[in-house]
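In: Got a sequence here, can you build the structure:
(one chain, ligands or ions: 2)
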Amino acid sequence: MNVVFLSPGFPAEMPYFTRGLAQVGAKVFGVGDQPAAALAPEARESLTDYLQVRNLGDEDGVVQQVTQWLRGRSVDRVESLWETQMLLAARLRETFRVPGMTVAQTVPFRDKEAMKQVVERAGLRVPHHGRARTSAEAWAVVERVGYPAIVKPIAGAGSKDTWRCNDKDEFAAALQKTRHVDELSVEEYIDGEELTFDTVCAGGRMLYHNVAWYRPKPMILAQSPWISMQNICLRDTSIPMARPGVELGGKVLQALGFTDGFTHMEWFLTAKGEAVFGEIGARAAGARLVHAMNYASDLDLFRGWASATCHGHLGQEVNRKYNASMVFKRAQGDGIVRRYEGLQQLMAKYGQHVANLELTPIGQPKRDWKKVVVGDGWIVVRHPDLQFTLEMSERFVTDLRVVAE
Ligand SMILES: Nc1ncnc2c1ncn2[C@@H]1O[C@H](COP(=O)(O)OP(=O)(O)O)[C@@H](O)[C@H]1O
Ligand SMILES: [Mg+2]
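Out: Ligands and ions are numbered 1, 2, ... in the order given. Predicted coordinates for the structure are as follows:
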């Protein structure tokens, strides 16, 4: 099976998906903007061929270059798991007439307004919302949705330019701060916990699903440099905290007509226990969440996705063994990482439940958490019991200090 895979080297998870494709027997034809020599070894060693294009954003140009490059070879799949390349992948599929999502099916996964309209039409709960190209339009929408409200870019990512507004003054300030954004989404602010619902599907069947709990909310994290993020994959997705999202998520996939591949949905759990839709991507979660899912069930979902995509099954049995909490640390202070405080005690107490521990090595500069998602540390703790997992996770947040000076 010949698979064209876009951007096999970036973001950080893509080399593993590339390797997964090769492991399940596919010939992988990579297309990216990096030089071949810059690709991570997992990607380089798994590719049958690689085409470096000048600019992945130039869709017409890429379609033309790929067509020339592949002349005489058959194409069975065109895949991408990077948000910005979803539409390009769909165009290539249409060009080569291969199965998978078309441009029309992809648009509602990219445009947050179109997305919410489809989900809303299916009778599912989304925040009251509206699109705004001008300040007058924004005021008209907030009039309708009320306060507190959220202002964010319609094609946003990583909580960039996202603001909560409690009243008119804050709303006016948020409009000032987002003047450089072409198009805004103005929404009702949903109070509650924020979780994900992730799936791998094939032929319309859900082969794998996951619910992860963000602590704190991504928006808060993006605005607070000192917070360590916790992302907890829940072992039991039938608990009251997870079930509403699983139910909502299944219906959202149906409404969007999604059948094959990875999905990553975000949703809110209100105090009343109601699930409210946030957003969804037709791709795998970023920020190492796939690694965390793997740790929760001792799976290789990089290969599992590849198997689902090429063969229609996961090729692995899913045993939901652990809750897995992933903690990203941000070093305290500035400059060079000099020491780790509290690590020995934590390892003495919880070491056997630590599935992964990577900290910025002593002597290296503190990392810029706005550029490096894991910041100065990436820790995974896991245990079948949720309370115990949360307790351990919290300890790594508060008792472990990566100190830069
Ligand atoms: N309607 C909303 N109510 C409450 N919080 C929201 C709302 N919309 C966005 N947020 C917060 O902002 C973050 C970023 O928004 P999101 O729509 O997920 O965009 P992206 O992840 O693409 O930047 C969310 O993870 C959440 O913390
Ligand atoms: Mg989001």
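In: Next up, the contacts around residue 169.
Out: Residue 169 makes contact with no residue, according to C-beta atoms under 8 Å, 6 or more residues apart in numbering. Just so you know, the C-beta spots here come from the backbone N, C-alpha and C atoms, and that holds for glycine as well.
In: May I have the phi/psi pair for it?
Out: Main-chain torsions, residue 169, degrees, to the nearest 10: phi -60, psi -40.
In: same check, this time on residue 84
Out: According to degrees, to the nearest 10, residue 84 has phi -70, psi -10.
In: List, one by one, the residues from the stretch 251-400 of the chain near ligand 1.
Out: Contact residues, the stretch 251-400 of the chain versus ligand 1 (C-beta under 6 Å from any ligand atom): 266, 278-279.
In: Filter those down to just the buried residues.
Out: 266, 278-279 (16 or more other C-beta atoms under 10 Å).
In: Now pLDDT too, for the residues of the stretch 251-400 of the chain next to ligand 1, in JSON lines please.
Out: Listed next are those as JSON lines, based on pLDDT from 0 to 100:
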{"residue": "266", "pLDDT": "98"}
{"residue": "278", "pLDDT": "97"}
{"residue": "279", "pLDDT": "96"}
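In: and which of those is nearest residue 108?
Out: residue 279 (10.9 Å; C-beta to C-beta).
In: list the helices and strands the helix or strand harbouring residue 115 packs on?
Out: Using DSSP states H and E, residue 115 sits within helix 112-121. Judged by 3 or more C-beta pairs under 8 Å, 6 or more residues apart in numbering; DSSP states H and E, the packing partners of helix 112-121 are helix 103-110, strand 129-132, helix 243-256, strand 275-281.
In: Could you tell me which residues within the first one count as buried?
Out: Think helix 103-110. 105-110.
In: Let me know the closest of those to ligand 1.
Out: residue 110 (10.6 Å; C-beta to the nearest ligand atom).
In: residue contacts, the closest one?
Out: Contacts of residue 110 (C-beta under 8 Å, 6+ apart): 83, 86-87, 155.
In: Among the residues you listed, name the buried ones.
Out: 83, 86-87.
In: Could you tell me which of those residues belong to helices?
Out: 86-87 (DSSP state H).
In: Make CSV out of the buried ones among the contacts of residue 110 and add pLDDT.
Out: Listed next are those as CSV, based on pLDDT from 0 to 100:
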residue, pLDDT
83, 92
86, 96
87, 96
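In: Could you dump the buried ones among the contacts of residue 110 into a markdown table and include distance to residue 55?
Out: A markdown table is the format used below for the buried ones among the contacts of residue 110 (distance: C-beta to C-beta, whole Å):
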| residue | distance to residue 55 |
| --- | --- |
| 83 | 17 |
| 86 | 17 |
| 87 | 15 |
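In: between the buried ones among the contacts of residue 110, which is nearest residue 76?
Out: So of these, ranked by how close each gets to residue 76 (C-beta to C-beta), first place is residue 86, at 18.8 Å.
In: got a list of what the residue nearest to the spatial centre of the chain touches?
Out: For the chain, residue 285 is the residue whose C-alpha lies nearest the centre (C-alpha atoms, centre = their mean; 2.6 Å). Applying C-beta under 8 Å, 6+ apart, we find residue 285 in contact with 196, 198, 212, 264.
In: Among the residues you listed, which are located in strands?
Out: Among those, the residues falling in strands (DSSP state E) are 196, 198, 212, 264.
In: Pick out the most distant pair among these.
Out: 212 and 264 (9.5 Å).
In: ok, those two, which is more surrounded?
Out: residue 212 (27 against 22; other C-beta atoms under 10 Å).
In: Give me the common contacts of residue 212 and residue 264.
Out: 196, 198, 285, 289.
In: Let me have those residues in a markdown table, adding distance to residue 366 and pLDDT as columns.
Out: What follows is the shared contacts of residue 212 and residue 264, written out as a markdown table (distance: C-beta to C-beta, whole Å; pLDDT from 0 to 100):
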| residue | distance to residue 366 | pLDDT |
| --- | --- | --- |
| 196 | 28 | 98 |
| 198 | 31 | 98 |
| 285 | 26 | 97 |
| 289 | 24 | 98 |
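In: Let me know the closest of those to ligand 1.
Out: Looking across the shared contacts of residue 212 and residue 264 and measuring by C-beta to the nearest ligand atom, the closest to ligand 1 is residue 196, at 9.6 Å.
In: what's the closest of the buried ones among the contacts of residue 110 to ligand 1?
Out: Nearest member of the buried ones among the contacts of residue 110 to ligand 1, counting by C-beta to the nearest ligand atom, is residue 83, at 8.2 Å.
In: mind listing what that closest one touches?
Out: 110, 157, 281, 283.
In: could these go into JSON lines alongside pLDDT?
Out: Below are the contacts of residue 83 laid out as JSON lines (pLDDT from 0 to 100):
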{"residue": "110", "pLDDT": "90"}
{"residue": "157", "pLDDT": "81"}
{"residue": "281", "pLDDT": "96"}
{"residue": "283", "pLDDT": "97"}
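In: circling back to that earlier point, relative to residue 388, which of the buried ones among the residues of the stretch 251-400 of the chain next to ligand 1 is nearest.
Out: residue 266 (26.0 Å).
In: what's the closest non-adjacent residue to residue 42?
Out: Distance criterion C-beta to C-beta, 6 or more residues apart in numbering; nearest residue to residue 42, sequence neighbours excluded, is residue 15 at 3.8 Å.
In: What of residue 189?
Out: residue 148 (3.8 Å).
In: next one: residue 171
Out: residue 165 is the one closest to residue 171 (C-beta to C-beta, 6+ apart), at 4.1 Å.
In: Show me where the stretch 201-350 of the chain has its strands.
Out: 205-215, 229-233, 261-269, 275-281, 323-329, 337-341 (DSSP state E, counting those that start in this stretch).
In: ok so, going back, isn't the residue nearest to residue 189 right up against residue 163?
Out: No: Residue 148 is beyond contact range of residue 163, at 10.3 Å (criterion: C-beta atoms under 8 Å).
In: List of residues touching the helix holding residue 115?
Out: 107-109, 126-127, 129-131, 154-156, 185, 252, 255-256, 277, 279-280.
In: re earlier: give me the distance between the residue nearest to the centre of the chain and residue 231.
Out: 9 Å (C-beta to C-beta, to the nearest Å).
In: joint contacts of those two?
Out: By C-beta under 8 Å, 6+ apart, the residues touching both residue 285 and residue 231 are residue 212.
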